[in-house]
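Novice: Please work out how this folds:
(one chain, ligands or ions: 2)
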Amino acid sequence: MINYTPLLSVSNFKIIIFMPDQLVNKSVNHGFCFNILCVGETGLGKSTLMDTLFNTKFEGEPTQHNQPGVQLKSNTYELQESNVRLKLTVVNTVGFGDQINKEDSYKSIVEFIDTQFEAYLQEELKIKRTLHSYHDTRIHACLYFIAPTGHSLKSLDLVTMKKLDSKVNIIPIIAKSDAISKSELTKFKIKITSELVSNGVQIYQFPTDDETVAEINSTMNGHLPFAVVGSTEEVKIGNKMVKARQYPWGTVQVENENHCDFVKLREMLIRVNMEDLREQTHTRHYELYRRCKLEEMGFKDTDPDCKPFSLQETYEAKRNEFMGDLQKKEEEMRQMFVQRVKEKEAELKEAEKELHEKFDRLKKLHQDEKKKLEDKKKSLDDELNGFKQKKTAAELLQSQAQQAGGSTTLKRDKERKK
Ligand code: GTP
Ligand code: MG
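Specialist: Residues are numbered from 1 along each chain as shown. Ligands and ions are numbered 1, 2, ... in the order given. Down below sits the predicted model:
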């Protein structure tokens, strides 16, 4: 979930931003925006560092850390220094590293960065563009907070940085560096750098092509990752009030370069390289997103023979390709329909044939049965006739016998009377 809080206007804001000269002229009229993404595990001092960097208290309520996934929370503030207006957006990764299964932790960060690129691309593709007044939310710098373990980078850090390095300018920083001794810190920095190199993680390099900043930038590249300490608490040192963290054994001064690299980070991020970070975001990271997105949509600069291909030609080629596909699909569907009809016809014919065969079989069966019955009837009739004849003969015999019997009795009676 992406949470945008309403724009907070800070008018009487006492911010120490040292504007590079070239930026002042360019941005004085319009103002400009700068968007920082803070990635790091819970409680690594992200909010404190932002407050320390911009000399204010940004976040109101503490963030909740019981969500099932990582959420990105974005706050935009309007800052003013002399006559220069800066629209600063700070994006925080809430719940990063809190889950037991950290496999997908980077996904919502990548999604957030892509969403901002997509919004800019959509604005760019509009017929009526208003890019000059468009609130550009693309992330210009990603401060990656590394826990001061003194050991090696966690796999979560390596995976996340690897997934982000082609999308954003990563500036790795060792958070809460007052928790680690000076000698351990030197070794830790070397270890982190070698791990980043061996895993092919591309971190942002301060540019050395502009000779006015080449020297300082190349020196600062050698100090990466910056070991920082954050605090908004002010302590009196000598006759000056300075930001520091007080411990029973001493005081860590945030802006003392012998104590930590906070000043180096502030100088590099805000004073010297803010414009380069914005430029790199546009020319490198956004350009890559835009190219992949347009290629995904089928746009190309050259045809298969490497000849230049205009947008109009691409559109027409794409349209023809689409129409061709449509026709092909239509033909395929027609063929499929004909095939299905043929199949159905064959099925019906087969069923009809089976029915006919069944009918013939039953007819024959019926005829056979009929013939059998007729034969039976005939034999029964013959039998009956035979029986009748026998009966008639028997009756005849019986009557003859009776007649014969009658005359004999008469004869006997006559003889007896005599
Ligand atoms: P979530 O937003 O909750 O993830 O935390 P966070 O990363 O914003 O950390 P936050 O700034 O809230 O600081 C957490 C605790 O660490 C607070 O008690 C800070 O005072 C402390 N803290 C911040 N910066 C430093 C630092 O540089 N060194 C030490 N030792 N403690 C620090
Ligand atoms: Mg915080």
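Novice: and the gap between the nearest residue to Val235 once chain neighbours are set aside and Phe145?
Specialist: Of all residues not flanking Val235 in the chain, Ala244 sits nearest, at 4.2 Å (CB to CB, 6 or more residues apart in numbering). The C-beta positions use only the backbone N, C-alpha and C, and glycine is treated the same way. Distance, Ala244 to Phe145, using CB to CB, to the nearest Å: 20 Å.
Novice: quick one, strands of the stretch 301-418 of the chain?
Specialist: In order along the chain, the stretch 301-418 of the chain carries no strands (DSSP state E, counting those that start in this stretch).
Novice: Which stretches in it count as helices?
Specialist: 311-417 (DSSP state H, counting those that start in this stretch).
Novice: Please apply the same query to the chain.
Specialist: For the chain, applying DSSP state H gives helices covering 21-27, 46-53, 105-125, 155-164, 182-198, 211-221, 262-266, 274-280, 287-296, 311-417.
Novice: So what angle separates the directions of the last one and helix 287-296?
Specialist: Read it as helix 311-417. 50 degrees (axes from the mean of the first three to the mean of the last three CA atoms, to 10 degrees).
Novice: any idea how far helix 311-417 is from the chain center?
Specialist: 68 Å (CA atoms, centre = their mean, to the nearest Å).
Novice: Using PDB, write out every CA atom in stretch 312-320.
Specialist: Output in PDB follows, covering the C-alpha atoms of stretch 312-320 (Å, rounded to 0.1, in the frame of the first residue of the first chain):
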ATOM      1  CA  GLN A 312       4.400   6.400 -37.800                       C
ATOM      2  CA  GLU A 313       6.000   3.400 -39.500                       C
ATOM      3  CA  THR A 314       6.100   1.500 -36.200                       C
ATOM      4  CA  TYR A 315       2.400   2.300 -35.700                       C
ATOM      5  CA  GLU A 316       1.500   1.200 -39.200                       C
ATOM      6  CA  ALA A 317       3.700  -1.900 -39.000                       C
ATOM      7  CA  LYS A 318       2.100  -2.700 -35.700                       C
ATOM      8  CA  ARG A 319      -1.400  -2.100 -37.100                       C
ATOM      9  CA  ASN A 320      -0.700  -4.300 -40.100                       C
END
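Novice: follow-up on the earlier one: hang on, isn't the residue nearest to Val235 packed against Thr232?
Specialist: No: Ala244 lies out of contact with Thr232 (CB atoms under 8 Å); the separation is 10.2 Å.
Novice: out of those two, which sits in the busier spot?
Specialist: The residue with more neighbours, out of Ala244 and Thr232, is Ala244; 22 against 14, by other CB atoms under 10 Å.
Novice: Show me which residues of this structure are close to ligand 1?
Specialist: For the chain, the residues in contact with ligand 1 (CB under 6 Å from any ligand atom) are 40, 42-48, 63, 176, 178-179, 229-230, 245.
Novice: which of the residues you listed lies closest to ligand 2?
Specialist: Taking CB to the ion as the measure, ligand 2 lies nearest Ser47 of these, at 3.2 Å.
Novice: do you know how far the closest one is from Ser74?
Specialist: In terms of CB to CB, Ser47 sits 14 Å off from Ser74.
Novice: which residues do the two both contact?
Specialist: Asn92 (CB atoms under 8 Å, 6 or more residues apart in numbering).
Novice: which residues does the residue in the chain positioned nearest to ligand 1 contact?
Specialist: The chain approaches ligand 1 most closely through Gly45 (2.8 Å), counting by CB to the nearest ligand atom. Neighbouring residues of Gly45 by CB under 8 Å, 6+ apart: 145, 175-176, 228, 230.
Novice: Scan those residues and report the most crowded one.
Specialist: Val228 leads these on contacts (other CB under 10 Å) with 27 neighbours.
Novice: correct me, but that one touches Arg266?
Specialist: No: if you go by CB under 8 Å, Val228 and Arg266 don't touch, sitting 9.3 Å apart.
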